[in-house]
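Got a predicted model here, sequence first, then my questions.
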Amino acid sequence: MSKHGKRFRYAKEKIPAGVQFKPDEAVQMVKELASAKFDESVDVSTCLGIDPKRAEQVVRGTVVLPHGTGKSVRVLVIAQGEKETEAQEAGADYVGVEYIHKIQDGWLDFDVCVATPDLMNKVGPLGKVLGPRGLMPTPKGGTVTFDISRAVGEIKAGKIEYRVDKTGNIHAPIGRVSFTPEHLSENLVAVVDSILRAKPATAKGKYMKSVTVSSTMGPGVAVDPNAFTGA
């Protein structure tokens, strides 16, 4: 028995085997094949020709999606003094040093955590709780910074962080099925171009092996990696 339902199998049968589509064609197909009764998320998966076991080949980065993710992001800012005020004015959902204790007590009702560098000695011990959930503030992710206003603004505008997993793949959201094909395509190009720019200097052979887009409940649609600048 297939683990996928009839809708999934029916949708998959509509995708020509072995065909790689242009970005705009691929997202159009994903939209047409989406059949869930909710506004599905649309994601991109890339397979990279790297060795993620080697520290210098771990690919990670951030990118601001031109049209956002379609998801409301709850931002926690751990700051004090004037930076606390700056965070509130920038639109952060939760602000204050007291949230360190709340997290220690099990509170995790946020999507992104930003902290000022001077408080990282207090935030550091939260690593064992936040790290596995991908919520730990990091300088590379732009979430350990004194420029609170910019950090919160970018996150609210659709900034996402990506990181290669242990199998050499990167998964990232590019919007929702309700987005126009143009907006999904532009978000897709922004993510893949960012991953291409993050190519490690020591990576050998073909870097961008495959690109696939899919909705939450739908099958993957292959995108031609050569359609992106620098692939």
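Nice, I can see it. Numbering: from 1, shown residues only.

chain center to the worst-scoring helix or strand of the chain on mean pLDDT, what's the gap?
Here the helix or strand of the chain ranked lowest by mean pLDDT, DSSP states H and E is helix 6-13, holding a mean of 71. Per CA atoms, centre = their mean, to the nearest Å, the displacement of helix 6-13 from the mean C-alpha position of its chain is 26 Å.

which residues are contacting the helix or strand that comes right after that helix?
Scanning forward in sequence from helix 6-13 by DSSP states H and E, the next helix or strand is helix 23-33. Here helix 23-33 makes contact (CB atoms under 8 Å, 6 or more residues apart in numbering) with 11, 14-15, 21, 42, 174, 177, 181-182, 184-185, 188-189, 213-215, 218-219, 221-223, 227-228. Quick note: C-beta positions are derived from backbone N, CA and C, even for glycine.

Can you tell me the centre-most residue of this structure?
residue 172 (3.8 Å; CA atoms, centre = their mean).

how about the longest helix anywhere in the chain: buried residues?
The residue-count maximum for a helix in the chain (DSSP state H) belongs to helix 181-197. In terms of neighbour count (16 or more other CB atoms under 10 Å), helix 181-197 has its buried residues at 181, 183-192, 194-196.

Stretch 73-82 too?
73, 75-79.

Likewise for stretch 27-44?
27-31, 33-35, 39-44.

Between these, which has the least confident prediction?
Among the buried residues of stretch 27-44, residue 35 has the lowest pLDDT, at 85.
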